[in-house]
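[1] Next one to model:
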Amino acid sequence: MAMLLKGAEVAKALTEGLHAKTEELKKNGVEPCLAILRVGAREDDLAYERGALKRCEKVGVAVRQVVLPEDVTQEVLMENIHALGVDEKVHGVLMFRPLPGHLDDEAARAALDPKKDMDGITDGSMTAVYAGTKGGYPPCTAAACVALLKHYNIPIKGKRVVVIGRSLVIGKPVSLLLLAEHATVTICHSRSENLPEICREADILVVAAGKAGMVGAESVRAGQVVLDVGIHVGADGNLCGDTRFAEVEPVVEAITPVPGGVGTVTSTILASHVVEAAERAASK
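    This is a model prediction of the structure:
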């Protein structure tokens with residue numbers, strides 16, 4: 001029976017440390033503030049927003065919600081992005097995407113200051129992740145994977161990591177973050193040949209393919225650590241991940257549950273980015 005890498009324990013530990021940091025910042029007259037910029041009311045955006053609000057409240061981060069109608073014009077959207085960018089009281093911005101189809105997503109992302117981009121959606125943030133600099137922040141879910149491994153004292157340095165998925169949201173950034181931790185990283189995807197064989201070679205398997213139940217017993221072996229980043233609604237109406245959990249869990253050494261795994265840590269990482277941005281601003 002595998003060890004369950006539950007996210008709640010990680011989130012709790014991170015929250016305690018962040019609360020201490022926010023209290024110290026407030027003593028010095030700095031209140032960390034996150035602006036949430038949302039266009040319309042997509043249910044997945046609302047769910048993430050609720051989680052972010054709860055976590056920020058626990059940590060001591062103020063939240064400013066900017067909600068625009070779904071039919072908002074590009075001009076009004078850009079005006080709001082610019083206003084948040086120049087507002088010194090706002091340390092970070094979470095802009096929900098995808099935007100409605102009539103809006104220019106690339107222009108919106110380009111208008112957001114990487115120093116305030118809390119979820120790694122700008123080219124500047126991704127460049128910082130690639131270069132290993134402090135010019136931006138990685139996507140929260142990718143960073144949550146690393147935080148989870150570190151919390152459970154799972155060795156990364158020198159280990160073989162296989163990442164299934166090459167998206168800019170998880171696959172590519174988590175690969176770079178793990179490479180920065182001195183892992184040997186292989187990136188795979190749905191068109192990779194001999195995928196199960198490659199997966200079995202991994203010490204740590206990160207499954208972020210975006211396809212429910214893509215990975216089963218044929219792709220794992222004893223001793224592995226599996227991070228399942230997927231989140232889907234199964235045929236039975238229950239939430240499930242990218243792995244067939246009932247097959248994989250009895251084989252591997254440790255695995256994240258879905259729900260209750262990586263996703264549980266994501267909003268705490270978001271709050272940590274805001275606190276870090278406030279610290280950087282205060283140091284100037």
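
[2] Return the backbone torsion pair for the residue lying closest to residue 222 once chain neighbours are set aside.
    Computed as CB to CB, 6 or more residues apart in numbering, the closest residue to residue 222 that is not its neighbour in sequence is residue 251, at 6.2 Å. No exception for glycine: its C-beta is placed from N, CA and C like everyone else's. Phi and psi for residue 251, reported as degrees, to the nearest 10, are phi -90, psi -40.

[3] list the contacts for the spatially most central residue of the chain?
    With distances taken as CA atoms, centre = their mean, the residue of the chain nearest its centroid is residue 141 (1.6 Å). When contacts are counted by CB atoms under 8 Å, 6 or more residues apart in numbering, residue 141 touches 169, 170, 174, 229, 262, 263, 266, 269.

[4] list the buried ones in the host helix or strand of it?
    Using DSSP states H and E, residue 141 sits within helix 140-151. Neighbour counts over helix 140-151 (16 or more other CB atoms under 10 Å) mark 140, 141, 142, 143, 144, 145, 146, 147, 148, 149, 151 as buried.

[5] the domain parsing of this protein - what is it?
    What the record gives for the chain is the domain set 29-121, 140-263, from automatic domain parsing.

[6] For the stretch 101-250 of the chain, which segments are assigned as strands?
    Remark: strands assigned in the stretch 101-250 of the chain by DSSP state E, counting those that start in this stretch are 160-164, 184-188, 204-207, 225-228, 232-233, 239-240.

[7] Same list (these) but as a markdown table, adding mean pLDDT and distance to residue 105.
    Formatted as a markdown table, the strands of the stretch 101-250 of the chain follow (pLDDT from 0 to 100; distance: least, CB to CB, whole Å):
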| stretch | mean pLDDT | distance to residue 105 |
| --- | --- | --- |
| strand 160-164 | 98 | 25 |
| strand 184-188 | 98 | 24 |
| strand 204-207 | 98 | 26 |
| strand 225-228 | 98 | 28 |
| strand 232-233 | 90 | 24 |
| strand 239-240 | 92 | 28 |
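
[8] Quick one: closest of those strands to residue 103.
    Closest to residue 103 of the strands of the stretch 101-250 of the chain is strand 232-233 (CB to CB; 26.6 Å).

[9] Report all helices and strands that the closest one contacts.
    For strand 232-233, the elements it packs on are strand 239-240, judged by 3 or more CB pairs under 8 Å, 6 or more residues apart in numbering; DSSP states H and E.

[10] which neighbours does the strand it packs on have in its sheet, and in what orientation?
    According to DSSP bridges, strand 239-240 forms sheet pairs with strand 232-233 (antiparallel).

[11] Now do the helices in the stretch 51-200 of the chain.
    74-86, 105-111, 123-131, 140-151, 171-180, 195-200 (DSSP state H, counting those that start in this stretch).

[12] from those, which stretch is densest packed?
    helix 140-151 (a mean of 24; mean count of other CB atoms under 10 Å).

[13] average pLDDT for it?
    In this model, helix 140-151 has a mean pLDDT of 98.

[14] That helix to helix 123-131, inter-axis angle?
    With axes from the mean of the first three to the mean of the last three CA atoms, to 10 degrees applied, the angle from helix 140-151 to helix 123-131 works out at 30 degrees.

[15] Dump helix 140-151 to PDB, restricted to CA.
    This file holds the C-alpha atoms of helix 140-151, laid out as PDB (Å, rounded to 0.1, in the frame of the first residue of the first chain):
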ATOM      1  CA  CYS A 140       1.700  27.800  -8.900                       C
ATOM      2  CA  THR A 141       0.800  24.100  -9.700                       C
ATOM      3  CA  ALA A 142       4.300  23.400 -11.000                       C
ATOM      4  CA  ALA A 143       5.800  24.900  -7.900                       C
ATOM      5  CA  ALA A 144       3.400  23.000  -5.700                       C
ATOM      6  CA  CYS A 145       4.800  19.700  -7.100                       C
ATOM      7  CA  VAL A 146       8.300  20.700  -5.900                       C
ATOM      8  CA  ALA A 147       7.000  21.900  -2.500                       C
ATOM      9  CA  LEU A 148       5.200  18.700  -2.000                       C
ATOM     10  CA  LEU A 149       8.300  16.500  -2.700                       C
ATOM     11  CA  LYS A 150      10.400  18.700  -0.400                       C
ATOM     12  CA  HIS A 151       7.900  18.600   2.500                       C
END
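
[16] Out of the helices and strands in this structure, which is least certain?
    Least confident element among the helices and strands of the chain, by mean pLDDT, DSSP states H and E: strand 232-233 (a mean of 90).
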